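**Q** I need the structure of the sequence given here:
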Amino acid sequence: MENQLTLNPAAESCDIVFKPLQAEDLAAIDHFYGLRPNKTEDSVSLESFLWKDYYNARTAIARKDGREAGLLWLYGTDEDPYAAMPLCRDEDLSYCFGQMVCYFNAKLKKPLVIKLADEEAIRVLNLSPERFLVKEETDFRDYIYDGDALRSLAGKKLHKKKNHYNSFVKEYAGRFEYRALKCSDRDVVFRFLDAWRLTKDDDAAQHLDAEVEGIHNIIKNCAIIKAKMGGVFIDGTLEAFSIGSYNPSEDMAVIHIEKANPQINGLYQFINREFLLHEFPTAKLINREDDVGLESLRKSKQSYFPIEFARKYLVKQLV
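**A** Numbers count the residues shown, from 1 in each chain. This is a model prediction of the structure:
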């Protein structure tokens, strides 16, 4: 016998239809981002689009009293579905959350599971521990940095980064160029990705391949997507590139992608700094995303000395 779930009475009449996220949808849903304080990587629409196929992202708009109340998310499979925290104003969050409880309980016949919920939403909802498990997902907290620090690399803490940067500039003097990438650079980026992928082992093949597919989708649709892209060319060949987007409500740049030829010393430090100098010259905060629990990635992110973390939480409805 299936466990009986306690439904939210106000949401039992939910009528939600989810549909797959497409590039053409981004302009229509972009206004849902930034409605409440949120410094996570998911506070910008480009992150949602980058991983849409890997996580099987679907969206629906919650309506209340004839108006749009918030954007709802559904991920995963029929057997193992989960959601993201609704994108909405603080005052609409309880209603939108209740709609998701209803959808999971009444339509999917499952308890609600939300992954990577932002800290502001957890604070506003103040969920009862008798009905919901709320647990921080520490491996997925985002690293937040001071924008001026990463653009200048000044000071003792970042001295090693500045040395690597200067070494690259000296060794490749007269041979390198940074420039913003355009839609017409599509084939150049694709060739770089093919070569970069060959340098990686197959331990995380599924995740890496999904990331490459997401990058392909961004570049194929770059004419209608709000994204900043920049690359470093050495002797006319693309050797590093980065993709980022901007959260105006937090004055924060989110760095979604940063790839470089690992054989070229100082190149990662160079693309890191130059991308910010050219594409986000005044952003107060820089979100360089999480380390997904990988020790090597954690050391790399810590070496730039974050000033804070954007914390995320798992929410599970108890039966």
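**Q** residue ranges in the stretch 1-150 of the chain under the pLDDT threshold?
**A** Across the stretch 1-150 of the chain, the ranges flagged by pLDDT under 70 are 1-13.
**Q** which stretches in it count as strands?
**A** Assigned by DSSP state E, counting those that start in this stretch, the stretch 1-150 of the chain shows strands spanning 19-20, 58-64, 67-76, 81-82, 87-88, 113-118, 132-136, 142-146.
**Q** dump these into TSV; add distance to H159 and mean neighbour count as well.
**A** Glycine gets a C-beta too; all of them are placed from N, C-alpha and C. Output for those, formatted as TSV (distance: least, Cβ to Cβ, whole Å; neighbours: other Cβ atoms under 10 Å):
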stretch	distance to H159	mean neighbour count
strand 19-20	47	11
strand 58-64	45	18
strand 67-76	42	19
strand 81-82	43	20
strand 87-88	40	26
strand 113-118	34	22
strand 132-136	33	14
strand 142-146	16	21
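**Q** and of these, who's closest to Y313?
**A** Nearest to Y313 among the strands of the stretch 1-150 of the chain is strand 113-118 (4.5 Å), distances taken as Cβ to Cβ.
**Q** what ranges does the stretch 201-319 of the chain have for its strands?
**A** Secondary structure of the stretch 201-319 of the chain, counting by DSSP E, counting those that start in this stretch: strands at 228-234, 237-247, 252-260, 285-287, 308-310, 312-317.
**Q** strand partners of the last one, parallel vs antiparallel please.
**A** Take DSSP bridges as the rule and strand 312-317 pairs in its sheet with strand 113-118 (antiparallel), strand 132-136 (antiparallel).
**Q** need the contact partners of that strand.
**A** With contacts defined as Cβ atoms under 8 Å, 6 or more residues apart in numbering, strand 312-317 is touched by 5, 40, 85, 101, 104-105, 111-119, 122, 127, 131-137, 140-142, 290.
**Q** now swap in the fourth one and tell me
**A** Where contact means Cβ under 8 Å, 6+ apart, the residues beyond strand 285-287 that reach it are 39-41, 142-147, 150, 247, 250-255, 276, 280, 310.
**Q** got the buried residues for it?
**A** L285, I286, N287 (16 or more other Cβ atoms under 10 Å).
**Q** please apply the same query to the longest one.
**A** Within strand 237-247, the residues that count as buried by 16+ other Cβ under 10 Å are L238, E239, A240, F241, S242, I243, G244, S245, Y246, N247.
**Q** now do the fifth one
**A** Of all the residues in strand 308-310, those buried under the rule 16+ other Cβ under 10 Å are F309, A310.
**Q** so V212 makes contact with L193?
**A** Yes. With contact defined as Cβ atoms under 8 Å, V212 reaches L193; the gap is 5.5 Å.
**Q** residues in contact with P20?
**A** Listed by Cβ under 8 Å, 6+ apart, the contact partners of P20 are K52, N56, A57, R58.
**Q** give me the nearest residue to the first one, chain neighbours excluded.
**A** Nearest non-adjacent residue to K52, counting by Cβ to Cβ, 6 or more residues apart in numbering: L21, 4.6 Å away.
**Q** ok, V315 next?
**A** Excluding its sequence neighbours, the residue lying closest to V315 (Cβ to Cβ, 6+ apart) is I114, at 4.1 Å.
**Q** cool, and Y145?
**A** Here the residue nearest Y145, using Cβ to Cβ, 6+ apart, is I286, at 4.4 Å.
**Q** do E120 as well
**A** Closest to E120 by Cβ to Cβ, 6+ apart is P37, at 4.8 Å.
**Q** wait, the one you found touches S249, no?
**A** Yes. In this structure, P37 is within contact of S249 by Cβ under 8 Å, at 7.5 Å.
**Q** coming back round to it: ok, the residue nearest to K52 - contacts?
**A** Listed by Cβ under 8 Å, 6+ apart, the contact set of L21 reads S48, F49, K52, A57, R58, T59.
**Q** rerun that using 6 Å as the cut-off
**A** Listed by Cβ atoms under 6 Å, 6 or more residues apart in numbering, the contact set of L21 reads K52, A57, T59.
**Q** for the lengthiest helix in the chain, list every residue counted as buried.
**A** Selection of the longest helix in the chain by residue count, based on DSSP state H, yields helix 205-220. Of the residues in helix 205-220, A210, E211, V212, E213, G214, I215, N217, I218, I219 count as buried by neighbour count, 16+ other Cβ under 10 Å.
**Q** what about D148, how many neighbours?
**A** Look at D148: counted by other Cβ atoms under 10 Å, it has 13 neighbours.
**Q** about what we covered before: CSV for the strands of the stretch 1-150 of the chain, including distance to F32?
**A** Shown next, in CSV, are the strands of the stretch 1-150 of the chain (distance: least, Cβ to Cβ, whole Å):
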stretch, distance to F32
strand 19-20, 15
strand 58-64, 8
strand 67-76, 4
strand 81-82, 19
strand 87-88, 4
strand 113-118, 13
strand 132-136, 23
strand 142-146, 19
